[in-house]
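Participant: here is a sequence with its predicted model. Questions after.
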Amino acid sequence: MSQKVVAIVEDEADIRELVETHLHQALFQTVAYENGSSFLTSLARQIPDLVILDLMLPDMDGLDVCRFLKNDPRWATIPVLMLTAKATETDKVVGLEVGADDYVIKPFSPLELVARVKALLRRATLSTKEKIIRLGNLLTLNVDQYQVTVQGKQIHLTASEFRILQLLASSPGRVFTRKQILDFLWGQEKAVIDRTVDVHIMNLREKLGVAGSKIKGVRGIGYKLEAV
Ligand code: CA
């Protein structure tokens, strides 16, 4: 397994070094940034597996950095661990509202921080590896057996249709771009065009009947499966 890359966005050099040292010991790769804008610029070159994000940065508020990530489908799935000196409940709520995945309050134990990083990465890996995915009583996917039922009735899908539905259902409400859907279907193979996704989605909607109406197009971006 390749090493996971953890980005650290923190203006205090001491904390940056402390965190990097402990992450290296735990066999993570790190990239460190002193401010929010240099980190956001770096996303065009490299997308980290996780971000440790300080709340108080010299150029921007960490919450704004987090909001920016979570509102962009290209980066919304990167787990964000917020670092904060503030410990009030309000700050926690605001952080979670903008989509932060976890919180560590300064001063923190580096070992605790590494444990949280590992837990978040495990959770991120699991989300597309669920064996049984359920959308209320409406839809059930059995990933091992490639079986789908809508209100208890089995539906026959092609392998591609099944994979698309599996991806959408792994995170109801989340918008997936056509590119993300294609990458999930065919890995890095680039021979297929965006319209392929639209055709699969059209067929999928028809076959799923009442559950098919839960698949929504998001203009100019891609598709999502609405939560029930
Ligand atoms: Ca700071």
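Facilitator: Great, that's in hand.
Participant: quick one, strands of this protein?
Facilitator: Secondary structure of the chain (DSSP state E): strands at 5-9, 29-33, 50-54, 80-84, 102-105, 132-135, 139-142, 147-150, 153-155, 176-177, 215-218, 222-225.
Participant: the ion contacts on this protein?
Facilitator: The chain comes close to the ion at residues 11, 54, 56, as judged by Cβ under 5 Å from the ion. For the C-beta atoms, the positions are set from N, CA and C on the backbone; glycine is no exception.
Participant: who are the contact partners of the closest residue in space to the second one that isn't next to it in sequence?
Facilitator: If I follow you right, that is residue 54. Closest residue in space to residue 54, ignoring its immediate chain neighbours: residue 10 at 4.3 Å, by Cβ to Cβ, 6 or more residues apart in numbering. With contact set as Cβ atoms under 8 Å, 6 or more residues apart in numbering, residue 10 has these partners: 16, 19, 32, 33, 34, 52, 54, 57, 83.
Participant: residue 107 versus the fourth one, what's the distance?
Facilitator: Relative to residue 107, residue 33 is positioned 21 Å away (Cβ to Cβ, to the nearest Å).
Participant: so which of these two has more stuff around it?
Facilitator: Comparing residue 33 with residue 107 by other Cβ atoms under 10 Å, the one with more neighbours is residue 33, at 22 against 7.
Participant: give me every residue that touches the closest residue to that one other than its chain neighbours.
Facilitator: Among residues not flanking residue 33 along the chain, residue 39 sits closest, at 4.0 Å (Cβ to Cβ, 6+ apart). By Cβ under 8 Å, 6+ apart, the residues touching residue 39 are 7, 9, 33, 51, 65.
Participant: need the pLDDT of residue 39.
Facilitator: Model confidence at residue 39, expressed as pLDDT, equals 97.
Participant: okay, now the domains of this structure?
Facilitator: For the chain, automatic domain parsing gives the domain ranges 5-127, 132-225.
Participant: follow-up on the earlier one: most widely separated two among the contacts of residue 10?
Facilitator: 19 and 57 (14.8 Å; Cβ to Cβ).
Participant: the more surrounded of those two?
Facilitator: Neighbour count, other Cβ under 10 Å: between residue 19 and residue 57, residue 19 has more, with 24 against 21.
Participant: which residues are in contact with the more buried one?
Facilitator: 8, 10, 30, 52, 110, 113.
Participant: surely the last one and residue 102 touch.
Facilitator: In other words, residue 113. No - counting by Cβ atoms under 8 Å, residue 113 does not reach residue 102; the two are 9.9 Å apart.
Participant: what sits in contact with each of the two?
Facilitator: residue 81.
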